[in-house]
Every structure is written in structure tokens, then in C-alpha cells.
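*Asks:* Give the three-dimensional model of this entry:
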Amino acid sequence: MSTIPPNPDDAILWLADHLDTWGTELGSVGLSELDITEMQAALDAVTAARAQTVALRTASKAATSDYHNKIKAMREATSLRVAKIRTYARGTANPESVYTLAEIPAPATPTETPAPATPSDFRAALEEGGALTFSFKCANPRRVQGVTYRVERQDAAQTPFVFLLNAKEKSFTDSSFPSTSSLITYRVTAQTSTKDGTATYFTVRYGAGNQAGGGQATIVSQGPATETKAS
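*Replies:* Numbering: from 1, shown residues only. Model prediction:
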């Protein structure tokens, strides 16, 4: 292990402390005044260099911060002028010529936000308490936000679908299904505030006599193409 600390700052402090002792005990430690003079010169040089390095680092940080502030100010000023050009272009008979002369792109034509995707891959389970729980997948387009899932239920064939709930996640629980039927059809539609996706229908079979005991629930059909009717 080195006697002199490996860390530069620690080494500077170590030498400064020892020079005081060595200067007092010249003959006793085997050093001469020339040794002390040379070591003091080395210490003064590195101390000055460290001070300069710290100053340069501080100045560099300040310069970098100033640079980024000026870049931000330049972007804001330029954005205002680009907006001014676009406003002028919209008021002319030939906006494209203005954009060409200004060498800036014309605004992109707004594209319609797509509808949500179609729910799929439904899984069902009959819980010990008697509730049916479901989970599913729905790979919505990236630009589609704020999707909820409208769940409707058809208790028997040829009867209308009745609204059950709006699920915020890709799962839901039905604890109110009728015990008189062992085959129920659900309709699930992904929706936003402006658009509905394609609905998916799926039919689940469960043991009518086992719902309180945690029996099995099986999805027997699912898909968006045809309304599957319970029977």
C-alpha cells in the first residue's frame, strides 16, 4: 500500500502536513533544506494547478449553462418567426409558394385518429365467491388514448344485450349473472370519447350447480365476426 494517499486532494493535504514536520526535524529525518525547498515548490505548483482546474471547471459549467440558455432563447425566437410565416401563408392564395420561399415544410395534413382495437383472447374463471372474472387483450393503436371497455351481457338466446359496466382495465368481474343459465354471452367494445372499435362476442359456460364452490368456467366461443347467442 502506498504511503502517499492515491487521491490527489488527499495527497496534497498529506504533503502539506508532512512538510511542516519535516522542516522542523530536518536532521532527525534525514532531509536537507534543499529537499524541503523542492518539495514546497512542487506543492505550490500542484496547488496552483488545482485552483486553475477548479476555476476552469466552474467557468465551463457556467459557459455550458449559458450556451443552453441561449440555444433555448434562439429556438423560442425562431419558433415565433416560423409561426408568423405560417400565419402569413394561411392568409395568401398560394400558401405552398410561401413555404417554398421560406424553406420550411408545409403543415402536415391532419390524419384521423383510428378507432380502438378489437378485444381478443378472453380468459374466464369462476371464483369461490360465485363471481365470474374475465381478462383479455386489446392492442390499441399508439395514438388512441383514454380507452375504456363497454361490457354488455345477454342472459339467454334471442334476448337483448344489457349494459353491465365500463371497464377501465382489460379485465372485469361479473357477480350478477343469473344462476338459472349455465351459458351466457358477453359483448365487449373498446371505446374512446369519439369512436367505438369492433365489438367482440364471447360465450362462457359454467357449472350452474358449482358457482358457490369455485367450479370451472369455460369460454366456448369468441370473435368479432358473428354475434354468438347464448342458449
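
*Asks:* So which helix or strand of the chain has the lowest pLDDT on average?
*Replies:* Sorted by mean pLDDT, DSSP states H and E, the helices and strands of the chain end with helix 26-29, the least confident at a mean of 82.

*Asks:* So which residues make contact with it?
*Replies:* The contact list for helix 26-29 (Cβ atoms under 8 Å, 6 or more residues apart in numbering) reads 21-22, 32-33, 36. No exception for glycine: its C-beta is placed from N, CA and C like everyone else's.

*Asks:* Quick one: distance of that helix to the chain centre.
*Replies:* Computed by Cα atoms, centre = their mean, to the nearest Å, the chain-centroid distance of helix 26-29 equals 67 Å.

*Asks:* Likewise for stretch 130-142?
*Replies:* For stretch 130-142, the gap between its own C-alpha mean and the chain's C-alpha mean amounts to 22 Å (Cα atoms, centre = their mean).

*Asks:* what's the first-to-last distance across it?
*Replies:* For stretch 130-142, the separation between the terminal residues is 37 Å (Cα to Cα, to the nearest Å).

*Asks:* follow-up on the earlier one: what's the first helix or strand after the least confident helix or strand of the chain?
*Replies:* Using DSSP states H and E, the helix or strand that directly follows helix 26-29 along the chain is helix 33-90.

*Asks:* Give me the domain ranges for this protein.
*Replies:* Domain assignment for the chain, taken from automatic domain parsing, gives 8-87, 120-223.

*Asks:* helix or strand for the residue nearest to T218 when sequence neighbours are not counted, which one?
*Replies:* In space, T218 comes closest to R205 once its chain neighbours are excluded; the distance is 5.1 Å by Cβ to Cβ, 6 or more residues apart in numbering. With elements taken from DSSP H and E, the one containing R205 is strand 200-206.

*Asks:* Could you list the residues in contact with the next helix-or-strand element following that strand?
*Replies:* Secondary structure here is assigned by DSSP H and E; on that basis, the next helix or strand after strand 200-206 toward the C-terminus is strand 217-223. Strand 217-223 is contacted by residues 120, 122-126, 132, 183, 200-206, 228 when judged by Cβ under 8 Å, 6+ apart.

*Asks:* Can you name the residues bridging to F163?
*Replies:* Under DSSP bridges, the beta-bridge partners of F163 are E152.

*Asks:* burial measure for it, as a count.
*Replies:* F163 has 10 neighbours, counted by other Cβ atoms under 10 Å.

*Asks:* got it, and I184?
*Replies:* Around I184 there are 20 other residues, counting by other Cβ under 10 Å.

*Asks:* residues touching the most centrally placed residue in the chain, list them.
*Replies:* By Cα atoms, centre = their mean, the mean C-alpha position of the chain lies nearest to R142, the distance being 12.7 Å. R142 makes contact with no residue, according to Cβ under 8 Å, 6+ apart.

*Asks:* pLDDT weak spots in this structure?
*Replies:* Low-confidence segments of the chain (pLDDT under 70): 1, 207-215, 225-231.

*Asks:* Alright, that wraps it up for me.
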